[in-house]
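Visitor: Sequence first, predicted coordinates after that:
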Amino acid sequence: MLKNIEGYKDASFAKVDQDGVMPIGAYLTTPFVEYVKVDGKFLLPKEHMLLATIVKDDGVRVVEPSKLKAGDEVLIADTYGEETGIYRDSEAFDSEIAETISPMFRGSSDVYEKLIENMKEVRSRGGKIAWVLGPAVVFDFDTRNALSELVDAGYVDVLLAGNAMATHDLEGGYLNTALGQNIYTQESVPNGHYNHLDLLNAARHYDSLKDFIASGKVKNGFIKKLVEKNIPIVLCGSIRDDGPLPEVKHNVSEGLSAMRYALKDADIIITLATLLHSVSAVSVAPSYREEGGKLLPTKVYSIDITDYATNSVVDAREGYMVDAIVTNVQDFCVNVRNALVEVE
């Protein structure tokens, strides 16, 4: 139930004159739970996303600016509050959920404990855990094994990454190297700098990663495990990519749409060792969703070796429902595996 809502005016709206062009003064959504007062009633926008517009029709809904249509009525405001008819609910989640979204400024051990409990809770109710990974996580034998075991244990429901991460993991399963270094000893092998190109060339003989894995040429690895278990993989490319692998999306708009769709019902997003994909993912993911008349939060955990990377993720969500750990990501993956999976 909303509190202290007396004195709020009805929100103002302006019509779109041209497809894909916002009217002057359009309000952009924030990571927070915000209601809009329309005809005397406070309405929660449908399908939350960040930095998008709010359109009035039979209710209020969130629309990407590029997808606005002429005639749409868009919310106009420069801030939330009584004068603009936008109510920010600081107590949107019940006490049980609220314990999982407290501020991120704490010691690493506290965040580890919180993450582990969140992951157990989400898996137990059949929720969704999304991982956003950079290539550093697959250069190490133990890390690749840890991630694969987390897949088997049911703690990975979707992967978002770039061409490089998947390429080097597959290189490890195909040639036992990552960027030309032995996946276990880290020693450089003769002409190893060509290995990722050989992997890409082998993979591009096939129409899909599934067909490539089915060929039996990849002996192990995280990507192999995901493909065999039919767990969704969203790979978005960049202008620096070699290859790329089959299924890598090189159209930026298509890539962002695919990321948004993959994260629209995520309960937890774990970002590791990739500034670009981490910030992109948390920028398109909702902060919450409505399910069965109840608001469920999307919790973000950012893990990287520098606080610049983790702070960038925190800033993208204005610190709301984000926890960060500055650490070696290889150690992180092994620690999480050890806490969640019984290792023989």
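Guide: That came through fine.

Visitor: shaky segments in the protein?
Guide: 94-107, 343-344 (pLDDT under 70).

Visitor: Select the longest helix from it.
Guide: Secondary structure of the chain per DSSP state H: the longest helix is helix 108-124.

Visitor: Which elements pack onto the next helix-or-strand element following that helix?
Guide: Where DSSP states H and E defines the elements, the next helix or strand beyond helix 108-124 is strand 129-133. If contacts are counted by 3 or more C-beta pairs under 8 Å, 6 or more residues apart in numbering; DSSP states H and E, strand 129-133 sits against helix 108-124, strand 158-161, strand 268-272, helix 275-284. Any C-beta I mention is one placed from the backbone N, CA and C, and that applies to glycine too.

Visitor: Strands of the stretch 1-150 of the chain, start to end?
Guide: Per DSSP state E, counting those that start in this stretch, the stretch 1-150 of the chain carries strands over the ranges 12-15, 34-38, 41-43, 53-56, 60-63, 73-76, 86-88, 129-133.

Visitor: of the helices and strands packed on strand 129-133, which approaches residue 341 most closely?
Guide: Proximity to residue 341, assessed across the helices and strands packed on strand 129-133 by C-beta to C-beta, is greatest for helix 108-124 (11.0 Å).

Visitor: quick one, the closest one and strand 129-133 angle?
Guide: Orientation of helix 108-124 against strand 129-133 (axes from the mean of the first three to the mean of the last three C-alpha atoms, to 10 degrees) gives an angle of 130 degrees.

Visitor: Extract the CA atoms of helix 108-124 and return them as CSV.
Guide: This file holds the C-alpha atoms of helix 108-124, laid out as CSV (Å, rounded to 0.1, in the frame of the first residue of the first chain):
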residue,chain,number,x,y,z
SER,A,108,33.4,-9.3,0.6
SER,A,109,32.5,-12.1,3.0
ASP,A,110,29.1,-10.5,3.6
VAL,A,111,28.4,-10.3,-0.1
TYR,A,112,29.5,-13.9,-0.7
GLU,A,113,27.2,-15.1,2.0
LYS,A,114,24.3,-13.0,0.7
LEU,A,115,24.9,-14.2,-2.9
ILE,A,116,25.0,-17.8,-1.9
GLU,A,117,21.7,-17.6,0.0
ASN,A,118,20.1,-15.7,-2.9
MET,A,119,21.2,-18.3,-5.4
LYS,A,120,19.9,-21.2,-3.2
GLU,A,121,16.5,-19.4,-2.7
VAL,A,122,16.1,-18.6,-6.4
ARG,A,123,17.0,-22.2,-7.6
SER,A,124,14.7,-23.7,-5.0
